[in-house]
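Trainee: Please work out how this folds:
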Amino acid sequence: MTTVPEQFSLSGKDASTRSTVAWFAAALVGSAALGLIGGLIWGEVAPRAMLQEISAGTAELMNAETRAFIGADAWFAGIAAVAGLITGVVGFHFGISRRRGGGRAVVATGLILGGVAGAFAMLWLGQRIGLSGYNHDLASSANGTVFPSSLALGATSALAFWPMLTAIVILIAEWGTRPAAELPAHGVISPR
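Mentor: Presented below is the predicted three-dimensional model:
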C-alpha cells in the first residue's frame, strides 16, 4: 500500500495573514535597525559640552551657558524626524497600500511601534558612543584636564518625533488614496 503525501496549500486568507504578520515584524525589526544607524549618526555629529577635571572623578562644565545640550537634542529630533518620514513613506508604499481591511491597520501599527523601538534604539546607541572614553577621562585625568562630556538626551519628548512623523505620513497617504466618492465635491460639505 502506498501513501500519497497530503498537499499543503495556503488559502488566500492564510497567506494574507502570514504576509501581514511578516510585515508587522519586519516593521519592528527594520525600524530598530534604522534606529541603530541613527544612533551612530547622532553619536558622531551631536555637539558635546566640554568639562574640566576639578578633582579625582569630578568634573564641571567649562561654560555654563553652552548650547551643546540643545544642539544634541536638536540633532536627535532631526534624525528621528527624517527616520520617521522614511519609515512612513516606505512602509506605506510597500506594506500598507498593498493590503485590504484590517491588514492595513496591523501594518500601520507595526510601523508606528517600530518608530518607538527605533527611537529608543537610537537613544541607547547614541548615548553609548564615547561613554567609555568619557568614563576613562573622568577617572584618570589630572586636575585641569579638559574633555568632552558624554552624550545625553535632555528633551525626552524628542523620542516621539519618529513614531509621530511615521503616523502623520501614513495619515496623509491614507487621505490621499481615498476614493473621490468619499470626498465632498468642490469644497461643498453636505449637511448631515
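
Trainee: Stretch 126-142: end-to-end distance?
Mentor: End-to-end span of stretch 126-142 (CA to CA, to the nearest Å): 27 Å.

Trainee: Tell me the gap between that stretch and the middle of its chain.
Mentor: Centre-to-centre, stretch 126-142 and its host chain are 26 Å apart (CA atoms, centre = their mean, to the nearest Å).

Trainee: contacting residues for Thr20?
Mentor: Arg99, Gly103, Val106, Val107 (CB atoms under 8 Å, 6 or more residues apart in numbering). To be clear about C-beta, it is placed using only N, CA and C from the backbone, and glycine gets the same treatment.

Trainee: Lowest-confidence one in those residues?
Mentor: Lowest in pLDDT among these is Arg99, which has 74.

Trainee: out of the contacts of Thr20, who's nearest Glu65?
Mentor: Using CB to CB, Val107 comes nearest to Glu65 of the contacts of Thr20, at 46.6 Å.

Trainee: tell me which element that closest one falls in.
Mentor: helix 102-128 (DSSP states H and E).

Trainee: Against which helices or strands is the worst-scoring helix or strand of the chain on mean pLDDT packed?
Mentor: Least confident helix or strand of the chain, by mean pLDDT, DSSP states H and E, is strand 58-61 with a mean of 77. In terms of contacts (3 or more CB pairs under 8 Å, 6 or more residues apart in numbering; DSSP states H and E), strand 58-61 is packed against strand 50-55.

Trainee: How far away from the center of its chain is stretch 38-56?
Mentor: Centroid displacement of stretch 38-56 relative to its chain, using CA atoms, centre = their mean, is 22 Å.

Trainee: do the same with stretch 67-81
Mentor: The answer for stretch 67-81 is 14 Å, by CA atoms, centre = their mean.

Trainee: Need the contact partners of that stretch.
Mentor: Residues from elsewhere that reach stretch 67-81, judged by CB under 8 Å, 6+ apart: 38, 41-42, 45-50, 118-119, 122-123, 126, 149, 151-155, 158-159, 161-162, 165.

Trainee: Just the CA trace of it, in CSV.
Mentor: C-alpha atoms of stretch 67-81 as CSV (Å, rounded to 0.1, in the frame of the first residue of the first chain):
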residue,chain,number,x,y,z
ARG,A,67,24.4,75.4,23.7
ALA,A,68,25.8,71.8,23.3
PHE,A,69,22.9,70.3,25.1
ILE,A,70,20.3,72.0,23.0
GLY,A,71,22.3,71.1,19.9
ALA,A,72,22.4,67.4,20.8
ASP,A,73,18.7,67.4,21.4
ALA,A,74,18.1,69.1,18.0
TRP,A,75,20.3,66.6,16.2
PHE,A,76,18.3,63.8,17.8
ALA,A,77,15.0,65.3,16.9
GLY,A,78,16.1,66.0,13.3
ILE,A,79,17.5,62.4,12.8
ALA,A,80,14.3,61.0,14.3
ALA,A,81,12.1,63.1,12.1
